[in-house]
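K.L.:
sequence and predicted structure, then a few things I'm wondering about:
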Amino acid sequence: MAKNKKIQERGHWGSKTEFFLAVAGDIVGLGNVWRFPYLCYRNGGGVFLIPYLVFALTCGLPLFLLETTMGQYTQEGSITCWKRICPLAEGLGYAGQVIELYSCMYYIIILAWALLYLVLSFKSQLPWTSCDNYWNTDACVVIGSNSNMTQKINSTSAAAEFWERRVLSLSKGIEDLGEVNWELLLCLIVMWVLCYFSIWKGVKSTGKVVYLTAIFPYVMLVVLLIRGLTLPGALQGVIFYLYPDFSRLLEPQVWMEAASQITFSYSIGAGILTVLGSYNPYNSNCYRDCFWLCLLNSATSIVAGFAVFSVLGFMAYEQGVPIAEVAESGPGLAFIAYPQAVAMMPVPQLWAACFFIMIILLGLDTQFLAMEVIITSVTDVFPKILRRTGRREIFLLLLCLFCFFSQFVMITEGGMYVFQLFDYYACNGACIVFITVFQCLAVSWIFGNDRMCEAIQDMTGTYPNVLFKLCWKYVTPFLLMVSFIYYLVDYQPLVFNRLYVYPAWANWLGWLMALSSILLIPSWALSHLWKAEGNLKQRWCQVCSPDLNLPSSQQEKVNIELMTSAA
């Protein structure tokens with residue numbers, strides 16, 4: 001009865017559909033549209049799908065199931081669930097929340113950029129299609145069938161100048177922040193208001209908002225896909241996207257980027273899946289749901305590649321240049337290449353509006369679900385304080401205000417350099433990979449693979465395939481640890497636009513942000529061992545023993561197993 005009462009206090013999804021759409025809205029985001037297609041073409045085309053699928057099956061799906069199961073089984077957020085399963089690993093929960101906080105502090109800036117583009121898309125002439133504006137330089141050229149970049153030495157496209165000189169007002173470096181961009185500030189306020197009211201009532205409001213934010217981007221993606229495939233040059237773009245180069249399979253970089261994309265796009269490691277799973281009814285079939293959601297995410301990435309590269313193929317066809325010269329990733333694709341391409345189409349305002357609406361909705365649910373993860377996790381740590389009427393809304397407001405004011409530096413003339421610093425260090429794949437390695441070790445070697453599989457069977461009626469046990473215990477942590485070591489060995493200091501080299505102090509600041517999450521894991525474990533009493537074996541037993549309201553005979557058996565493993 002007490003357990004049911006606690007679930008009612010936390011709330012739960014109104015239906016299975018709400019859970020499915022919420023998770024889909026989180027894992028299907030901007031990385032599917034502007035990161036995966038670029039990685040695919042850059043790493044051997046269709047050959048990249050081989051390492052991608054290998055990591056999806058050996059790392060992505062097992063961790064996706066593991067995190068969702070932990071939340072549903074314990075009915076706790078990403079911090080307190082570790083207290084129930086393995087107190088020694090509680091630092092994993094806090095480390096994930098630090099990464100989520102960093103993400104909330106910078107990710108929504110992308111939505112502010114997209115909103116500004118969306119507003120300007122309704123002008124009679126798209127402002128990034130001409131060179132007679134106050135922000136343009138003498139090097140500006142209009143890209144089109146009758147204009148070519150080679151007409152001027154060191155020329156820049158009108159779309160690139162609009163992005164760098166109008167939207168960003170880009171300064172010379174991070175040491176020159178300059179003034180605040182007031183248009184971006186207004187767009188940022190609008191996005192934060194939308195974010196706040198999307199989750200201010202918890203899953204009751206979130207479960208309804210995701211019907212729009214998770215479904216409508218697919219409508220836009222299908223529209224853009226059909227339009228892209230009907231353009232001249234689209235076939236060449238698709239061939240360029242998928243043409244296999246089998247020699248690339250021997251390059252470690254290709255495999256490492258596949259691992260990075262899986263951890264990034266599957267939203268593993270930071271506790272999002274744990275929180276979303278914790279709002280499921282205890283007997284929900286999360287085992288089946290995880291298969292379908294992982295399939296949906298990967299399929300969306302592949303389809304988005306067709307939508308993007310069909311348009312880039314058209315753009316290359318119109319300019320008479322190789323596709324490699326117009327292919328971009330990240331903000332360069334969303335705010336330079338794609339806007340430049342739609343400007344060449346009939347009724348460009350329509351296609352620009354469709355694209356930026358899709359970008360906003362793809363990013364909005366990722367943003368407000370990250371906020372929900374932090375709110376839920378902290379509320380579960382302090383339930384008596386934050387579950388009282390009105391307290392949650394106040395805490396959410398304070399968190400939004402904190403993130404909002406911390407972003408002022410990112411809407412200045414040097415804000416893009418700060419944005420890249422957060423993206424490269426604070427929320428990068430290395431931090432996530434480090435967390436997931438120890439997550440696997442804590443569950444499989446301390447809590448126990450058999451116990452986790454029995455929990456899944458108790459909830460869903462299905463005992464997991466033995467391959468999951470092998471992945472959790474051996475395969476997944478080994479592959480991810482190799483990826484982490486490779487990242488450290490291959491580390492390169494941050495560079496922006498291939499020209500601007502960040503000063504040493506900025507890179508040191510970035511490493512401090514990265515270490516602020518990574519070091520929480522060992523420090524929290526050592527703190528728990530220090531506070532425990534008795535000899536080393538007894539302390540190990542105290543900090544590793546799960547708190548799952550087990551019968552005394554079963555709890556005693558668990559303690560014996562832990563003391564044996566410590567020996």
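P.N.:
Looks like it arrived, so ask away. Numbers count the residues shown, from 1 in each chain.
K.L.:
which outside residues touch the helix or strand containing residue 160?
P.N.:
Using DSSP states H and E, residue 160 maps to helix 158-161. Helix 158-161 is contacted from outside by 128-131, 135-137, 140-143, 336-337, 339-340, 343, using Cβ atoms under 8 Å, 6 or more residues apart in numbering. (Each C-beta comes from the backbone N, C-alpha and C, glycine too.)
K.L.:
show the buried residues in the residues you listed.
P.N.:
128-129, 131, 136, 140-143, 336-337, 339-340, 343 (16 or more other Cβ atoms under 10 Å).
K.L.:
what's the lowest-pLDDT member of the residues you listed?
P.N.:
Ranked by pLDDT, those bottom out at residue 143, which has 71.
K.L.:
if I look at that one, how far off is residue 162?
P.N.:
Counting by Cβ to Cβ, to the nearest Å, the separation of residue 143 from residue 162 is 12 Å.
K.L.:
find the residues that touch each one of these two.
P.N.:
Common neighbours of residue 143 and residue 162 (Cβ under 8 Å, 6+ apart) do not exist.
K.L.:
show me what contacts the closest residue to residue 510 other than its chain neighbours?
P.N.:
What sits nearest to residue 510 in space, not counting adjacent residues and going by Cβ to Cβ, 6 or more residues apart in numbering, is residue 425, at 3.2 Å. When contacts are counted by Cβ under 8 Å, 6+ apart, residue 425 is found next to 494, 510, 511, 513, 514.
K.L.:
those helices in the stretch 1-150 of the chain, which residues are they?
P.N.:
Here the stretch 1-150 of the chain has its helices, by DSSP state H, counting those that start in this stretch, at 2-10, 16-27, 30-34, 36-42, 49-55, 61-74, 80-85, 90-106, 108-120.
K.L.:
swap in the stretch 201-350 of the chain?
P.N.:
203-229, 234-242, 252-265, 272-278, 286-319, 331-332, 338-342, 348-381.
K.L.:
could the ones you listed go into JSON lines alongside distance to residue 96?
P.N.:
Listed next are the helices of the stretch 201-350 of the chain as JSON lines, based on distance: least, Cβ to Cβ, whole Å:
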{"stretch": "helix 203-229", "distance to residue 96": "19"}
{"stretch": "helix 234-242", "distance to residue 96": "33"}
{"stretch": "helix 252-265", "distance to residue 96": "12"}
{"stretch": "helix 272-278", "distance to residue 96": "8"}
{"stretch": "helix 286-319", "distance to residue 96": "18"}
{"stretch": "helix 331-332", "distance to residue 96": "25"}
{"stretch": "helix 338-342", "distance to residue 96": "32"}
{"stretch": "helix 348-381", "distance to residue 96": "8"}
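K.L.:
rank these by mean pLDDT and give me the bottom one.
P.N.:
When I compare the helices of the stretch 201-350 of the chain, helix 331-332 is least confident, with a mean of 79.
K.L.:
and residue 207, what does it touch?
P.N.:
Applying Cβ under 8 Å, 6+ apart, we find residue 207 in contact with 13, 14, 15, 18, 19, 22.
K.L.:
quick one: it from residue 506, how far?
P.N.:
Relative to residue 506, and taking Cβ to Cβ, residue 207 is found at 41 Å.
K.L.:
ok, now residue 300?
P.N.:
For residue 300, the distance to residue 506 - Cβ to Cβ - is 34 Å.
K.L.:
with only the CA atoms kept, save stretch 306-322 in CSV.
P.N.:
Provided in CSV are the C-alpha atoms of stretch 306-322 (Å, rounded to 0.1, in the frame of the first residue of the first chain):
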residue,chain,number,x,y,z
PHE,A,306,17.6,10.9,-47.1
ALA,A,307,15.7,14.2,-46.4
VAL,A,308,18.9,16.2,-45.7
PHE,A,309,21.2,14.8,-48.5
SER,A,310,18.4,15.0,-51.2
VAL,A,311,18.3,18.7,-50.5
LEU,A,312,22.1,19.0,-50.4
GLY,A,313,22.3,17.2,-53.7
PHE,A,314,19.9,19.7,-55.2
MET,A,315,22.0,22.5,-53.8
ALA,A,316,25.2,21.1,-55.3
TYR,A,317,23.4,20.6,-58.6
GLU,A,318,22.3,24.2,-58.7
GLN,A,319,25.8,25.5,-57.9
GLY,A,320,27.6,23.0,-60.1
VAL,A,321,29.9,21.9,-57.3
PRO,A,322,30.7,18.6,-55.6
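K.L.:
how about that stretch: buried residues?
P.N.:
So, applying 16+ other Cβ under 10 Å, buried residues of stretch 306-322: 306-319.
K.L.:
same thing with stretch 214-222?
P.N.:
Quick answer for stretch 214-222 (16+ other Cβ under 10 Å): 214, 217, 218, 220, 221.
K.L.:
and of those, the nearest to residue 530?
P.N.:
residue 214 (44.6 Å; Cβ to Cβ).
K.L.:
pretty sure that closest one contacts residue 365?
P.N.:
Yes - Residue 214 lies in contact with residue 365 (Cβ atoms under 8 Å); the separation is 6.1 Å.
K.L.:
any common contacting residues for the two?
P.N.:
Contacts common to residue 214 and residue 365, judged by Cβ under 8 Å, 6+ apart, are 22, 25.
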